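In: Task: produce atomic coordinates for the following.
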Amino acid sequence: MSRAVHLFVCILLAALPAWCDQRYQGTGMVLAVDKSAQTVTISHDGIPGFMDAMVMPFHVREPHLLDNLQPATMIDFTLVVSKTSSYVTGIRVREYQSGERDPQEARRLSVLEKSMQAKGGPQPTVQVGQAAPNFTLVDQENHPVSLAQFNGKVVAVTFIYTRCPLPDYCLRLTNNFGRIQKRFGDRLGKDLILLSITFDPEHDRPEVLSKYAETWKANANSWHFLTGSITDVKRVCAMFGMNFWPDEGLLTHSLHTLVIDRQQKLVANLEGNQFTAAQLGDLIETVVKNPPTPKPPA
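Out: Residues are numbered from 1 along each chain as shown. Reported below is the predicted structural model:
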């Protein structure tokens, strides 16, 4: 059927709006789910032929589609638009596949991970909604930095090493934080703290991290590049499921970006690099907007 004929049929059969429904494929990050209102707020990429990338609440007609969604979930979806309404359907969670550079490397990473767990026992990781345990490391100015000192502020955390040669791995995660630093401006330090933790502490000492931070024009008062003893670094990495192993002079590693709320509960543990800096910023924005819980009177 030609476009002109299709339009003519739609006009004639206005009583059957399903004939005129338009369907668009989208992808994005879930920011909020309201089951009572049957809505999901998504920071979505541009939807070809319909709208630019933006944050938008969408109606969901099938309540069960919201059952497994939580903030920071990456999804694919279908947007259905008629003359009088719109809704999303066909929501599919996008599972991150580690080692995306090479399927063989992904398999080796999985084998190594299972081997490490067999030797050392399963490492309990902090789950979304749980309190993030306190830890203390040293920043690029050789000052001790503890997670607990940022109670009342939102904290975003990522894991990097300065020798990482791949633009879509550590460099991308650090570039995300660079863009977050610009986006949040004077709210950085007041409402939001950035922590970039190296998992290569033998090389990434404070003086190395200081030079690396200068490259990204990082404000040392609000964007801390952290290092410490190998024991302390491994302990922090294990808390959040961050894995890394020496591999032919480099480090094979997983990718994790964390968002911790003002009460120091883990809001999100984003694995991989499928999300954009804008989507990460939108997620952080929703957490920053939540005011701190008032302390009870003494």
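
In: Packing partners of the longest strand along the chain?
Out: If you go by DSSP state E, the chain has its longest strand at strand 22-34. Secondary-structure packing of strand 22-34 (3 or more CB pairs under 8 Å, 6 or more residues apart in numbering; DSSP states H and E): strand 39-44, strand 74-81, helix 277-288. C-betas here are computed from N, CA, C, even on glycine.

In: Show me what counts as buried in the helix or strand just after the shortest one.
Out: To tie it back to what came earlier, the one meant is strand 39-44. As assigned by DSSP states H and E, the chain's next helix or strand after strand 39-44 is strand 54-59. Across strand 54-59, burial judged by 16 or more other CB atoms under 10 Å covers 55-56, 58.

In: and what of stretch 152-167?
Out: Residues 153-162, 164 are the ones in stretch 152-167 that count as buried (16+ other CB under 10 Å).

In: Looking at those, which are in strands?
Out: Those of the buried residues of stretch 152-167 lying in strands (DSSP E): 154-160.

In: is it possible to export those to JSON lines including pLDDT and distance to residue 217?
Out: Shown next, in JSON lines, are these (pLDDT from 0 to 100; distance: CB to CB, whole Å):
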{"residue": "154", "pLDDT": "98", "distance to residue 217": "21"}
{"residue": "155", "pLDDT": "98", "distance to residue 217": "20"}
{"residue": "156", "pLDDT": "98", "distance to residue 217": "17"}
{"residue": "157", "pLDDT": "98", "distance to residue 217": "20"}
{"residue": "158", "pLDDT": "96", "distance to residue 217": "17"}
{"residue": "159", "pLDDT": "95", "distance to residue 217": "21"}
{"residue": "160", "pLDDT": "94", "distance to residue 217": "16"}
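
In: Output these as a markdown table; include the columns distance to residue 267.
Out: Shown next, in a markdown table, are those (distance: CB to CB, whole Å):
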| residue | distance to residue 267 |
| --- | --- |
| 154 | 8 |
| 155 | 10 |
| 156 | 10 |
| 157 | 11 |
| 158 | 14 |
| 159 | 17 |
| 160 | 20 |
